[in-house]
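**Student:** can't give you the sequence, but here's the structure:
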């Protein structure tokens, strides 16, 4: 309040003192209505929204633990392919991501064709293609060939071949040839050659 004879400096000191008293109550707990935040005070004003923050704020990006980025970089996905592991796909020579595999080298009664690979890493190789098999009815010589498109295969268990080259030694197929799931293999991964046949 202004009274006659009060100087400007005195007026400023009085206002500052009043503000200090008002602000000193803000840190205390209790049911003081003056210190409780109001919903209006917590909402930014249109002027604040228009002007924006004075300090730039970096966006918060959550990434999986131990990784630098949630999105794999092209070099990271390319690095996951391991072309050093191969397969005796035609029974005589090694290949990487072959389009066909002759599984039974002796008679050619079981093979996979039109293969496309979705992964080929140091642990396994996964692909899909068409299973071609001989039903051997009434005999393998007089049997009929059948095709099962959409067959999924997984190659696993890389080991050194006789030449020292890493080769896949097991193949799991889904679905199995009728009879193999209950036959000698019992649905287990089929062994692959580790040398030319």
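**Tutor:** That came in fine, so what should we check first? All values derive from a computational prediction rather than experimental measurement.
**Student:** ok, longest strand in the protein?
**Tutor:** Counting residues, the longest strand found in the chain (DSSP state E) is strand 145-160.
**Student:** can you pull out the residues in contact with stretch 113-122?
**Tutor:** With contact meaning C-beta atoms under 8 Å, 6 or more residues apart in numbering, stretch 113-122 is reached by 80-83, 85, 96-101, 125-130, 132, 149, 153, 158. For every residue, glycine as well, the C-beta is placed using N, CA and C.
**Student:** average pLDDT across it?
**Tutor:** Per-residue pLDDT values across stretch 113-122 average out to 97.
**Student:** buried sites along that stretch?
**Tutor:** Using 16 or more other C-beta atoms under 10 Å as the test for burial, stretch 113-122 gives 113, 115, 117, 120.
**Student:** who does the last one form a beta bridge with?
**Tutor:** Counting by DSSP bridges, residue 120 forms beta bridges with residue 125.
**Student:** repeat for the first one
**Tutor:** Beta-bridge partners for residue 113, by DSSP bridges, are residue 130.
**Student:** and it, how far is that from residue 119?
**Tutor:** Applying C-beta to C-beta, to the nearest Å, one obtains 20 Å for the distance of residue 113 from residue 119.
**Student:** wait, what's in contact with residue 197?
**Tutor:** The contact partners of residue 197, by C-beta under 8 Å, 6+ apart, come to 88, 91-92, 105.
**Student:** rerun that using 10 Å as the cut-off
**Tutor:** For residue 197, the set of contacting residues under the criterion of C-beta atoms under 10 Å, 6 or more residues apart in numbering consists of 88, 90-92, 102, 104-106.
**Student:** now flag whichever of the residues you listed is closest to residue 164.
**Tutor:** For residue 164, the nearest member of these is residue 88. The distance, counting by C-beta to C-beta, is 14.4 Å.
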